[in-house]
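Undergrad: 3D model of this:
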Amino acid sequence: MKLGFLILIICISNQAHSQDMRSLKFSELSKEISEDTVNIQVVNFWATWCKPCIEELPYFEFINEEYASVNIKVKLINLDFNSKVETVTLPFIKKHNLRSDLYHLTDTDPNEWINKIDPSWSGAIPATVIYSSGEKIFFKEGELSQQQLVDEIEKVLKHQKMTE
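TA: This next block holds a predicted model:
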């Protein structure tokens with residue numbers, strides 16, 4: 001009986017840590033990023049149908065947990081079709097217990113905002129951007145390794161310490 005109760009508590013606590021996803025337009029996301037001058041923001045654009053995106057999601061979850069105490073916010077920006085959010089995206093998030101801040105861009109024409117992220121971005125995903133004090137300081141189109149991601153974040157942290 002006690003074992004069953006313990007398993008139930010563990011399952012409930014795991015569910016409590018997974019997050020819902022917030023839907024928004026690019027203009028809202030852009031405003032949120034630019035107004036956050038306190039945190040380093042690691043923003044990753046991904047989709048459930050993108051194999052390299054799925055392979056690197058654990059790296060962002062690692063960053064979200066390991067660097068939470070040093071004002072780093074991980075924002076995972078989902079680019080699945082709006083019609084697939086309920087049936088594909090949300091079940092995927094639940095299954096993989098994603099804990100970073102989760103967003104879904106509802107804009108239907110990515111060509112309206114891709115160049116605003118970075119003029120060199122072709123629109124291919126995954127794509128990652130790091131912002132510090134609301135300013136873009138890193139952009140990478142394509143998959144990152146966990147070590148590459150950690151190295152980029154450490155560079156930002158080192159730079160911040162030097163300027164304080």
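
Undergrad: which stretches of this protein form helices?
TA: In the chain, helices defined by DSSP state H lie at 2-17, 26-35, 51-66, 90-96, 114-117, 146-163, listed in chain order.

Undergrad: Other residues contacting the longest one?
TA: If I follow you right, that is helix 146-163. Helix 146-163 is contacted by residues 40, 42, 56, 58-60, 62-63, 67, 70, 72, 128, 130, 132, 137-138, 140, 144 when judged by CB atoms under 8 Å, 6 or more residues apart in numbering. Bear in mind the C-beta positions are built from the backbone N, C-alpha and C, glycine included.

Undergrad: Hey, what's the angle from it to helix 51-66? Just curious.
TA: Helix 146-163 and helix 51-66 are oriented at 40 degrees to each other (axes from the mean of the first three to the mean of the last three CA atoms, to 10 degrees).

Undergrad: about what we covered before: can you redo the helices of the chain as CSV with mean neighbour count, distance to residue 108 and mean pLDDT?
TA: Shown next, in CSV, are the helices of the chain (neighbours: other CB atoms under 10 Å; distance: least, CB to CB, whole Å; pLDDT from 0 to 100):
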stretch, mean neighbour count, distance to residue 108, mean pLDDT
helix 2-17, 9, 32, 36
helix 26-35, 15, 11, 94
helix 51-66, 17, 20, 97
helix 90-96, 15, 19, 96
helix 114-117, 16, 13, 94
helix 146-163, 13, 30, 90
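
Undergrad: Now render those as TSV, adding distance to residue 106.
TA: Shown next, in TSV, are those (distance: least, CB to CB, whole Å):
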stretch	distance to residue 106
helix 2-17	25
helix 26-35	9
helix 51-66	19
helix 90-96	14
helix 114-117	15
helix 146-163	27
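
Undergrad: wait, which of those helices is closest to residue 79?
TA: Closest to residue 79 of the helices of the chain is helix 51-66 (CB to CB; 8.8 Å).

Undergrad: Show residues contacting the closest one.
TA: With contacts defined as CB under 8 Å, 6+ apart, helix 51-66 is touched by 42, 44, 46-48, 72, 74, 76, 96, 98-100, 125-126, 142-146, 149-150, 153.

Undergrad: Of the residues you listed, which belong to strands?
TA: Secondary structure assignment (DSSP state E) places 42, 44, 46, 72, 74, 76 from the contacts of helix 51-66 within strands.

Undergrad: pretty sure the fourth one contacts residue 36?
TA: No. Between residue 72 and residue 36 no contact is recorded; they are 11.2 Å apart, counting by CB atoms under 8 Å.
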